[in-house]
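> Make a model of this:
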Amino acid sequence: MKVKNIQTSVIIIFMAFLFLCACEKQQPDATDQIYVGVASYNQSDTFISQMVSCLKEELEELENDGFSVSVTIRDAAGSQRTQDDQVEELIDAGCNVLCVNLVDRSNPSEIIDMARENNVPVIFFNREPVAGDMMQWDRLYYVGANAWQSGMIQGQLAAEAIKENPRIDRNKDGKIQYVILEGEPGHQDAIIRTENAVDTLKNYGIQLEKLSCGIANWNRAQAQNRMSQMISQFQHNIELVLANNDDMALGAIDAYQKSNFTESALPVFFGIDGTDVGLAAVADGTLSATVYNDKEGQAKAMAELAAALVSGKGLDKIEFKKEKYIYLPYTRVTADNVGEYMGDVK
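Purely as a prediction, here's the structure:
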């Protein structure tokens, strides 16, 4: 009888041990050791490069709050397959939180599956996954800005400039002939930025005539090539250039400079993001205005969220939209206030 009781006790203790282990696996381990894996879609993108630098600085600042921080950065150079492999390497190397700037925002499932299997939370940034993918696991987050707001502000800036300066309508036909330089084909942010910029111009009562649209993949050199083709086709008829980001706006300006147009024959150019080179172009008057994408604020939010997810402290103090999202507002940058933003240029 004693032997049976001992056997029963051993079984109960063993089962309790298994239960505790299972519970332990379900709960993230709280720690002050933060190992961050940063996966960017393409660091040749000026804005992403500057944002990753800001994130690295903010993560290093956590050491002043008593954390031990290690940061590993990987560049997928535009390949989702490469990024999936890099994320696997980051997890295998011991990263306990991931910051991922997706190559393909519609294809995050492999990254999500790997992160969930290893209980590594993911903070997506700049390129927002579709809502359904964000619901695949409760440790997925997004930090960024609303694309519609950047388009709306760009449209407002362009409308105000047109109303204040009748000479923008050079042919005096009562309409503004415009072209658009878009980011990637089918990319949600590119589509939303374009649609909201144009709709806002129309809402301000600006009569528009679209001449052309060119895909330049967020890239300055590609934008210069596309703009050169448009100049060849439309000559002096282009009065307004709307670009989905600063690099493409600057590429359009490069094309006009190469074509030796006089200043009076130039259209007006508008960008988005407020990169260092974009701000400098607003300051010297070559870029009419841009829309500031708060990379410093987003980097700070990501660092704070990473620390809270790893340490288990402070997550309740972070303000989320729909429990998963952190959005920071875009702001307008013109010649009148660009100096305030250039103070952030490193």
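
> hang on, isn't Lys56 packed against Val71?
Yes. Using CB atoms under 8 Å, Lys56 is in contact with Val71, at 5.6 Å. All C-beta spots, glycine's among them, are computed from the backbone N, C-alpha and C.

> Nearest residue to Lys175 in space, ignoring adjacent ones along the chain?
Leaving aside its sequence neighbours, Lys175 sits nearest to Gln207 (CB to CB, 6 or more residues apart in numbering; 4.3 Å).

> Also Gln222?
Here the residue nearest Gln222, using CB to CB, 6+ apart, is Ala216, at 4.1 Å.

> Please tell me how far the one you found sits from Asn64.
From Ala216 across to Asn64, the span is 41 Å (CB to CB, to the nearest Å).

> Looking at the two, which one has more neighbours?
Between Ala216 and Asn64, Ala216 has the larger neighbour count (other CB atoms under 10 Å), namely 26 against 7.

> Please tell me how far stretch 151-166 is from the chain's geometric centre.
24 Å (CA atoms, centre = their mean, to the nearest Å).

> so when I look at Arg332, I'm seeing a helix, right?
No. Counting by DSSP: H, G, I helix; E, B strand; the rest coil, Arg332 falls outside a helix, being strand.

> State the number of residues packed around the spatially closest residue to it that is not a sequence neighbour.
Residue nearest to Arg332 in three dimensions, not counting chain neighbours: Ile153, with 5.2 Å by CB to CB, 6+ apart. By the criterion of other CB under 10 Å, Ile153 has 25 neighbours.

> can you check Val36 too?
With other CB under 10 Å as criterion, Val36 counts 25.

> May I ask which helix or strand encompasses it?
strand 33-40 (DSSP states H and E).

> CA atoms only: put that strand into PDB for me.
As requested, the backbone C-alpha atoms of strand 33-40 are provided in PDB (Å, rounded to 0.1, in the frame of the first residue of the first chain):
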ATOM      1  CA  GLN A  33      18.500  42.000 -21.500                       C
ATOM      2  CA  ILE A  34      17.100  43.300 -24.700                       C
ATOM      3  CA  TYR A  35      18.300  41.700 -28.000                       C
ATOM      4  CA  VAL A  36      16.700  43.500 -30.900                       C
ATOM      5  CA  GLY A  37      16.700  42.300 -34.400                       C
ATOM      6  CA  VAL A  38      15.900  45.000 -37.000                       C
ATOM      7  CA  ALA A  39      14.900  43.800 -40.500                       C
ATOM      8  CA  SER A  40      14.600  46.600 -43.100                       C
END
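
> who does it pair up with?
strand 68-75 (parallel), strand 97-100 (parallel) (DSSP bridges).

> could you give the mean pLDDT of the last one?
By that I understand strand 97-100. Averaging pLDDT along strand 97-100 gives 98.

> Could you pull out the buried residues of that strand?
For strand 97-100, the neighbour count (16 or more other CB atoms under 10 Å) marks 97-100 as buried.
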